[in-house]
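S.K.: Fold the following.
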Amino acid sequence: MRDESTAADQASGSAVVTAPPVAGSDHPRASMPFTSDGIRSVGAPGYGQRSAPFRHGRRNAYAALDLGTNNCRLLVAEPASHGFRVIDAFSRIVRLGEGLSASDRLSPAAIERTIEALRICRSKMENRGVVRSKVIATEACRLAVNGAEFVEQVRREVGLDLEIVDRQTEAYLAVTGCAALADPAAESVVIFDIGGGSTEIAWLDGAATNPSTDPTLRIRAWDSLPVGVVTLAEKHGGCEVTRMMFEGMVEEVGDLLAPFAIRAAAAATAPYFHLLGTSGTVTTLAAMHLRLVRYERRRVDGLWMTDAEVSEAIEDLLDTRLDQRADNPCIGRDRADLVLAGCAILEAIRRVFPSDRLRIADRGLREGLLMNMMREDGVWRRGR
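M.R.: Prediction:
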């Protein structure tokens, strides 16, 4: 669902994601039953299920692949004592949902780009000896009339078993992947994930009294807005964005956000309330705020930004031309026409839920998938 890629995803690394799992697969929500039949692995002997026996006491590589409206993103990781260690990663902008709002179909060109990226992901998974994987698709495949046909094509030509997950699953996985960055003292947090075709948002109510508790148990309300950076930019234009156009985008998102705003009206009144955002939009704003000459995940993931700093970063972007955004190494040519649409979604959320601080997460669905698989296998159980 993430709308943009980062340079950190282009190569493998050894970063440890320290997001405590819930204790063991015997936890009542350990299997993450967010759909009627659960998040499941399906189908053929390709990737999308166990591809090798899991062995306790041995290093086992896991893979999580998130195919969104804009991005194809893969993480390969091994369990670590306090989370997992990333051993390989891949991210490519494929724009699978390009033109979908006008035609209701995934285009041949978009499918070709995506198939090529998925082949690279398959190769990486094979080279790393992945023992278990989850391979999911989100909004573009949910909406396209040929979404199921595309899934079958991927299975046939690439050997990956894509599962189209529903909106609730997507929202809960986003929470699972980044909730560890919430302030432990905060008695209310609004988490959002700005995607290419949809935006997931959830209200976590109550303080995180135990860092090992499943964060989805704190979800008081959630929603999936049928708008993302690709759909918003295609509708309003993303190349040359005037302030009037920007306000129009903010108002449209605000209208879509209204039902959730009613259900979560008490969120911003709780002690130590803050926003927590995961998406290329917020990581780009963080990189601009830090004035990075190239993207550095270690400096961005977990960064706190004040309300004034977020406003300043958005204002700076509004003053840029398309070519200036394309030349910015933390934005790039492929995302230059999308980033202001993402800022409009963020601005709508900020107006509904005013907060003195925003925490930036460069993590999300893939991390949530990895944590869930490792938790189900009991890799963090005491004595394992």
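S.K.: Can you list the low-confidence ranges for the protein?
M.R.: Low-confidence regions of the chain, defined by pLDDT under 70, span residues 1-58, 211-212, 382-384.
S.K.: give me that answer again for 80
M.R.: 1-59, 81-82, 209-213, 380-384 (pLDDT under 80).
S.K.: neighbours of Ala266, just the number please.
M.R.: Using other Cβ atoms under 10 Å, Ala266 has 13 neighbouring residues. From N, CA and C alone the C-beta is placed, and that goes for glycine too.
S.K.: give the contact list for it.
M.R.: Shown in contact with Ala266 (Cβ atoms under 8 Å, 6 or more residues apart in numbering): Ser188.
S.K.: Next one: it from Glu187, what distance?
M.R.: Relative to Glu187, Ala266 is positioned 11 Å away (criterion: Cβ to Cβ, to the nearest Å).
S.K.: Likewise for Leu292?
M.R.: Going from Leu292 to Glu187 by Cβ to Cβ gives 33 Å.
S.K.: Kindly report the same for Leu100.
M.R.: Taking Cβ to Cβ, one finds Leu100 at 39 Å from Glu187.
S.K.: List phi and psi for the spatially closest residue to Ala174 that is not a sequence neighbour.
M.R.: Excluding its sequence neighbours, the residue lying closest to Ala174 (Cβ to Cβ, 6 or more residues apart in numbering) is Asp193, at 4.1 Å. Backbone geometry at Asp193, expressed as degrees, to the nearest 10, gives phi -130, psi 110.
S.K.: what sits against Asp193?
M.R.: Residues in contact with Asp193 (Cβ under 8 Å, 6+ apart) are 1-2, 170-171, 174, 199-201, 277-279, 364-365.
S.K.: Including secondary structure and distance to Val227, could those residues go into a markdown table?
M.R.: Output for the contacts of Asp193, formatted as a markdown table (DSSP: H, G, I helix; E, B strand; the rest coil; distance: Cβ to Cβ, whole Å):
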| residue | secondary structure | distance to Val227 |
| --- | --- | --- |
| Met1 | coil | 12 |
| Arg2 | strand | 15 |
| Glu170 | helix | 14 |
| Ala171 | helix | 14 |
| Ala174 | helix | 16 |
| Thr199 | strand | 6 |
| Glu200 | strand | 11 |
| Ile201 | strand | 11 |
| Gly277 | strand | 15 |
| Thr278 | strand | 17 |
| Ser279 | coil | 13 |
| Gly364 | coil | 18 |
| Leu365 | helix | 18 |
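S.K.: Now the buried members of those.
M.R.: Buried members of the contacts of Asp193, counted by 16 or more other Cβ atoms under 10 Å: 1-2, 170-171, 174, 199-201, 277-279, 364-365.
S.K.: closest to Ile349 among those?
M.R.: Ile201 (7.0 Å; Cβ to Cβ).
S.K.: Just give the closest residue to the closest one, not the sequence neighbours.
M.R.: Of all residues not flanking Ile201 in the chain, Phe192 sits nearest, at 4.4 Å (Cβ to Cβ, 6+ apart).
S.K.: hang on, isn't the one you found packed against Trp203?
M.R.: No: using Cβ atoms under 8 Å, Phe192 is not in contact with Trp203; the gap is 10.1 Å.
S.K.: More neighbours: these two, which one.
M.R.: Counted by other Cβ under 10 Å, Phe192 and Trp203 do not tie: Phe192 has more neighbours, with 29 against 23.
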